[in-house]
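*Asks:* model this:
(one chain, ligands or ions: 2)
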Amino acid sequence: MENTNKPKALIVIFGATGDLAKRKLFPSIHRLYQNGKIGEDFAVVGIGRRSWSNDLFRTNVRNSLGDDVAEKEIEAFTSHFYYHPFDVSDSASYKNLGILLNDLESDYHTEGNRIFYLAMAPQFFGTIANNLKKHGLKSDTGWSRLVIEKPFGHDFESARKLNEQITSAFEENQIYRIDHYLGKEMVQNIEVIRFANGIFEHLWNNRFISNVQITSSEALGVEDRANYYDVSGATRDMVQNHMLQMVTLLAMEPPINLNPEEIRSEKIKILRAIRGIDEENISDYFVRGQYGPGKMFGKKLRGYQEEAEELANSNTETFVAGKIMIDNYRWAGVPFYIRTGKRLEEKCTKIVVEFQDIPLNLYQEKQSTKSPNLLVINIQPNEGVTLYLNAKKPGMGSYAEPIKLSYTHEAVNSVNTPEAYEKLLHDCMIGDTTNFSHWDEVSLSWRFVDRILKKWSKEKPDFPNYPAGSMGPEEADELLERDGFHWWPTNNEEE
Ligand SMILES: NC(=O)C1=CN([C@@H]2O[C@H](COP(=O)(O)OP(=O)(O)OC[C@H]3O[C@@H](n4cnc5c(N)ncnc54)[C@H](OP(=O)(O)O)[C@@H]3O)[C@@H](O)[C@H]2O)C=CC1
Ligand SMILES: O=C1O[C@H](COP(=O)(O)O)[C@@H](O)[C@H](O)[C@H]1O
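*Replies:* Ligands and ions are numbered 1, 2, ... in the order given. Sure, this is the predicted structure:
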């Protein structure tokens, strides 16, 4: 990692007229600027086919920032933005881009540092990477980094080919594969909660933990991403990347230090230890669903198949729940349950670590329901940690009741949690690869989900099987009930 003091760089965004640039990238760069994480020594070059001028590009950047930014500051900020239209599959056009970058480099004193951010459909990744190398756009004087958006491939084989193309132009340590969950404050906090607290780390194993539950539910439906989502589905969209990344952070051994290589190496060991599921046993471990019509907050909602013309008769899963077993010394026998889906009851990402009950619970009979100790890590929308304990019910008699010890970031005035993309962009600028996915992680994750997807592709599902606004199909509940567990509620109000 290099000097972290106000990094200097040219940021070239391929796909700068698109949704991701507008919703995430421009606001993140702005927050870095506003918070003094970057100074004046940067410029952004936007690329798309639309014939926009610099002025129109700057107006779009400005519109992406919301209303509460001072006019003078906006002007100073947007003056760092330049638009350069061309079709990225036209190899000859890269020469002019190179000339522009050289000019801006000397105007903005960026010391030859270049970030190429590929915010475009994956079929362009290989072409762009190769052209950047072929036309000498990788820097001779500073560093060059390639940031790649998800999805990284459609299955293991396509991901392998894509990786081959990219690595023929960039070294692995120059490639930053984004998984924006790794930029979330509370996902990064998993390591700290585990490794900075004796009371958890000593109990963090199969002798004391009965199961772990990771839920990432979304209230939104497919929105205007039908074309992408219908070929992806929830397994590729969320499980292969975000959900498995959270599993590895929860399950990995303590690294010998906090260097990216050491952390990554521990995460990879977990991915290697995840039990591969035989085709005939898939339904014992994974279930899928697709939402039908339903209701949320009293409002009627359409089913997935009615949300867009091209979705009629779709067999794509909008919900997945699964049981992941990690066959190593620490976790043998402990299920890690995951579930994620669209059009669920509410937007919520939460991890629940359920501890085993004590050998003889003197208060069990006096409590109406079983109340194991739970450690809840609230990733979003609330950010914080809640520990559920049992304590004496105030008053006469000797009854236990569950109580909770809660910490929320929102309650602490000074906390201004940076957006995931803001953190990841800054990490990329300072050369910190910790929160990006290495090819070994991507490939092992694909190998795991490929088996499930292969089996599902051979069977016609009985879709839709859950109403919009519910928490998914019954099969997801049965998955846990078979093991004597149940999903802990995700109710945001509760925490
Ligand atoms: N949007 C999101 O919330 C998220 C997106 N992603 C990923 O980010 C990437 C971009 O997504 P998103 O912004 O939504 O996509 P959009 O469809 O909104 O944008 C696509 C961009 O690519 C440009 N483009 C397309 N073809 C060409 C071409 N031949 N030459 C030059 N530019 C081209 C378009 O510019 P023009 O039309 O001007 O040519 C546009 O700027 C995808 O990989 C997506 O999976 C990942 C997570 C979330
Ligand atoms: O990567 C993706 O993530 C979002 C959910 O992200 P979050 O930060 O809002 O939890 C999901 O909506 C999208 O389908 C997927 O591509």
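
*Asks:* CA only for contacts and neighbour counts going forward, please
*Replies:* Noted.

*Asks:* Can you name every helix or strand that the lengthiest helix in the chain contacts?
*Replies:* The helix of greatest length in the chain, counted in residues with DSSP state H as the criterion, is given as helix 439-457. Of the remaining helices and strands, those touching helix 439-457 by 3 or more CA pairs under 8 Å, 6 or more residues apart in numbering; DSSP states H and E are helix 156-167, helix 260-273.

*Asks:* go again using 10 Å as the cut-off
*Replies:* Contact analysis of helix 439-457 by 3 or more CA pairs under 10 Å, 6 or more residues apart in numbering; DSSP states H and E lists helix 156-167, strand 175-178, helix 244-251, helix 260-273, helix 282-285, strand 286-289 as its packing neighbours.

*Asks:* Asp483: which of these is closest?
*Replies:* When these are ranked by distance to Asp483, counting by CA to CA, first place goes to helix 282-285 at 10.9 Å.

*Asks:* Just the pLDDT for the spatially most central residue of the chain.
*Replies:* For the chain, the residue sitting closest to the mean C-alpha position, by CA atoms, centre = their mean, is Tyr181 at 2.7 Å. Note on Tyr181: pLDDT of 96.

*Asks:* so how far is Asp432 from it?
*Replies:* Computed as CA to CA, to the nearest Å, the Tyr181 to Asp432 distance reads 16 Å.

*Asks:* Ok, Asn205 next?
*Replies:* Separation of Asn205 from Asp432 (CA to CA): 30 Å.

*Asks:* How about the backbone phi and psi for the residue nearest to the centre of the chain?
*Replies:* Here the main-chain torsion angles of Tyr181 (degrees, to the nearest 10) amount to phi -60, psi -30.

*Asks:* any idea how far it is from ligand 1?
*Replies:* Here the criterion is CA to the nearest ligand atom, to the nearest Å. By it, Tyr181 lies 10 Å from ligand 1.

*Asks:* Next: Thr349.
*Replies:* For Thr349, the distance to ligand 1 equals 16 Å [CA to the nearest ligand atom].

*Asks:* what's around that residue, how many residues?
*Replies:* For Thr349, the count of nearby residues is 23 (other CA atoms under 10 Å).

*Asks:* neighbours of Gly15, just the number please.
*Replies:* There are 20 residues near Gly15, going by other CA under 10 Å.

*Asks:* Show me where the chain dips below the pLDDT cut-off.
*Replies:* In the predicted model, the chain carries pLDDT under 70 at residues 1-4, 364-369, 410-417, 492-495.

*Asks:* Those residues of it touching ligand 1, which are they?
*Replies:* For the chain, the contact set with ligand 1 under CA under 6 Å from any ligand atom comprises 15-21, 48-50, 86-89, 119-122, 149-151.

*Asks:* For ChimeraX, what selects the buried ones among these?
*Replies:* To isolate the buried ones among the residues of the chain next to ligand 1 in ChimeraX, judged by 16 or more other CA atoms under 10 Å, type:
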select :15,16,17,21,48,86,88,119,120,122,149,150,151
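
*Asks:* Now, the residues of the chain next to ligand 1 that are in helices?
*Replies:* Among those, the members falling in helices are 19-20 (criterion: DSSP H).

*Asks:* Tell me what angle the longest helix of the chain forms with helix 244-251.
*Replies:* Interaxial angle of helix 439-457 relative to helix 244-251 (axes from the mean of the first three to the mean of the last three CA atoms, to 10 degrees): 120 degrees.

*Asks:* distance between helix 439-457 and the chain's centre?
*Replies:* The gap between where helix 439-457 is centred and where its chain is centred comes out at 17 Å by CA atoms, centre = their mean, to the nearest Å.

*Asks:* Name the next helix or strand downstream of that helix, please.
*Replies:* Next in sequence after helix 439-457, counting helices and strands by DSSP states H and E, comes strand 466-467.

*Asks:* which residues are in contact with the helix or strand following that next one?
*Replies:* Beyond strand 466-467 in the direction of the C-terminus, DSSP H and E gives the next helix or strand as helix 474-481. By CA atoms under 10 Å, 6 or more residues apart in numbering, the residues outside helix 474-481 that reach it are 211, 213, 283-289, 319-323, 335, 337-339, 465-466, 471, 484-487.
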